[in-house]
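>>> return a 3D structure for these sequence lines:
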Amino acid sequence: MFHKVLLLSEGNSLYYGKGSEAIEYFSNIGYAPALAMNPSDFLLDLTNCVYTNELNEDHAIDKQQLVSAYKSNIEAHLKARFQEISDYGCSSDGEF
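The predicted structure is shown next:
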């Protein structure tokens, strides 16, 4: 239901983008919800560095893996978009 979502963990960015694409993003980097659960609960678990496997067991996540994934998958794209906005004064689609 959120248009844009910013997930932070201890001041580190883990995700920024469309709310409807957050679960797919984390699934693509290896953190798919193993159980049927509320997506917001799943995202909060990730921000607290907890991942529940298919056996309903909680496991600690190396937060640095999530931060690194953000930097390589999202941050570079955002920097390019900000540069485009800076160079031209606005984006072509009106979004960041």
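
>>> helices or strands up against the helix or strand hosting Q64?
Taking DSSP states H and E as the definition, one finds Q64 inside helix 63-70. With contacts defined as 3 or more Cβ pairs under 8 Å, 6 or more residues apart in numbering; DSSP states H and E, helix 63-70 has these neighbours: strand 4-9, strand 12-18. (Each C-beta comes from the backbone N, C-alpha and C, glycine too.)

>>> okay, the ones you listed in TSV with mean neighbour count and distance to T47 next?
Formatted as TSV, these follow (neighbours: other Cβ atoms under 10 Å; distance: least, Cβ to Cβ, whole Å):
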stretch	mean neighbour count	distance to T47
strand 4-9	14	5
strand 12-18	18	6
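
>>> quick one, helices of the protein?
If you assign secondary structure with DSSP state H, the helices in the chain sit at 22-28, 39-47, 63-70, 76-88.

>>> for the ones you listed, which has the smallest mean pLDDT value?
For those, the weakest mean pLDDT is recorded on helix 76-88, namely a mean of 73.

>>> nice, that's everything, thank you.
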